[in-house]
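1. Got a predicted structure here, sequence first:
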Amino acid sequence: MKSYYNSTILLVEDERADVFRIQRAFQKLNTTSTLEVVSDGEQAIYYLGGQSIYQDRDRYPIPILILLDLKLPRYSGFEVLTWLRNESNIKHLPVIVLTSSEQQVDIDLAYTLGANSYLVKPPDTNTLLEMVRSLGLFWVVFNRPPRLEPS
């Protein structure tokens, strides 16, 4: 049976500066993971659902990990997380909330909706680099994802 996973990581982030910083951290670490980026919640749902321009799963594979900002245009990160956890064939994908919000209400809601982890974006490059290194080791190298059924 074909594996629908590969080492693609989906970054859902609307702030260009944060996208640049995260992409740069992945490049510095020379990861073998592909970082796909979408800039709003609607695009995230289209990507994950294989809709619109994201129908080609060879070009846009189901990610092994989702890095999800909360404050997004169109649909918030909370709405994306709610949608994802209700999708039967991909609801177990690991989701790491990566946001600037340190509000306890956001942290609690993210976990209630099914986030696997909640990380606050570090302001400095070295801490971000270490965070990306740790994410890669745990979620891409050591973690074993659930089997996906094709939709």
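-> The structure has been received and is ready for your questions. The model shown is predicted, which means the values in this text are computed figures rather than measured ones.
2. quick one: the strands in this protein?
-> Secondary structure of the chain by DSSP state E: the strands cover 8-12, 34-38, 65-68, 95-99, 117-120.
3. what lines up beside the fourth one in the sheet?
-> When pairing is defined by DSSP bridges, strand 95-99 lines up against strand 65-68 (parallel), strand 117-120 (parallel).
4. for this protein, what are the low-confidence residue spans?
-> Scanning the chain for pLDDT under 70 picks out 1-6, 148-151.
5. swap the cut-off to 90 and go again
-> 1-7, 26-33, 87-89, 133, 135-151 (pLDDT under 90).
6. Mean neighbour count and distance to Leu129 for the strands of the chain - can I get that in a markdown table?
-> Placement of C-beta: from N, CA and C, glycine included. Putting those into a markdown table (neighbours: other C-beta atoms under 10 Å; distance: least, C-beta to C-beta, whole Å) gives the following:
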| stretch | mean neighbour count | distance to Leu129 |
| --- | --- | --- |
| strand 8-12 | 23 | 15 |
| strand 34-38 | 18 | 14 |
| strand 65-68 | 26 | 15 |
| strand 95-99 | 24 | 14 |
| strand 117-120 | 16 | 14 |
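7. max-length helix in this protein?
-> In the chain, taking DSSP state H as the definition, the longest helix is helix 16-28.
8. What is that one packed up against?
-> Helix 16-28 is packed against strand 8-12, strand 34-38, helix 125-135, with contacts defined by 3 or more C-beta pairs under 8 Å, 6 or more residues apart in numbering; DSSP states H and E.
9. Can you pull out the residues in contact with the last one?
-> Defining contact as C-beta atoms under 8 Å, 6 or more residues apart in numbering, one finds that helix 125-135 is touched by 21-22, 24-26, 28-29, 65, 67, 96, 119, 121-122.
10. If we go by neighbour counts, what in it is buried?
-> By 16 or more other C-beta atoms under 10 Å, the buried positions in helix 125-135 come out as Leu128, Leu129, Met131, Val132, Leu135.
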